[in-house]
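1. Got a sequence here, can you model it:
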Amino acid sequence: MVLVCYVGTQVFRAWLTYTQYRKQKEKDYRSALQSRRHYLIQTGLRQWINTVTLQEERRTRAALHAASQHVYRSNQVAIKWGKHWLHLVKTRRSTRAAPGLSGVASHHRDGNEKSKAPLYRAIVQRNPNDLQKPNFYEEFKVLKSNRPTPKIPSFFVDRQYLK
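-> Okay, here's the model as predicted:
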């Protein structure tokens, strides 16, 4: 009978050890599964963000390139027509010049820098203080000054920081 009892306690201890082992193994398995799931989500989000960022950069670069090409082409057309009209004006001035006024016509034909200087000063050398503020700024100041003070809720009245 003692032998049966001893064997029964050994079997019971072995069974307890085995169940504890199985519970620990299941806990480790769940922990590994959770960390793997976390890793996959983290790497997936990182790759998704990188992909979206690269696509946005590509779209921005493409739009910028298209806009710069459009500006370049339109500037080229404007330069072409400007040169054309400048050539027309110069040829018409030379054909219209009277023999008695050859000094005045040659002054304009030579493109003397003195004749261009006042125009250049008027366009390029403007004083930034001469610029006027837009009218909407003044209207905004009027709106801001006419606004009533905000109402204080009753539950804030007894607070120290409002006094």
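2. longest helix in the protein, by residue count?
-> In the chain, assigned by DSSP state H, the helix with the most residues is helix 2-96.
3. who touches stretch 74-82?
-> Residues from elsewhere that reach stretch 74-82, judged by CB atoms under 8 Å, 6 or more residues apart in numbering: none at all. Heads up, the C-betas are built off the backbone N, CA and C, glycines and all.
4. average pLDDT across the longest helix of the chain?
-> Rounded to a whole number, the mean pLDDT of helix 2-96 is 90.
5. shift numbering so it begins at 28
-> With the count now opening at 28, the last piece we talked about shows up as helix 29-123.
6. What is the neighbour count of Gln61?
-> One way to gauge burial is a neighbour count; for Gln61, by other CB atoms under 10 Å, it gives 10.
7. Same check on the one 4 residues further on?
-> As a burial measure, the neighbour count of His65 was computed by other CB under 10 Å and equals 10.
8. Please apply the same query to Lys117.
-> 13.
9. just the one 5 residues further on next, same as before
-> Thr122: 7 surrounding residues under other CB under 10 Å.
10. All set now, cheers.
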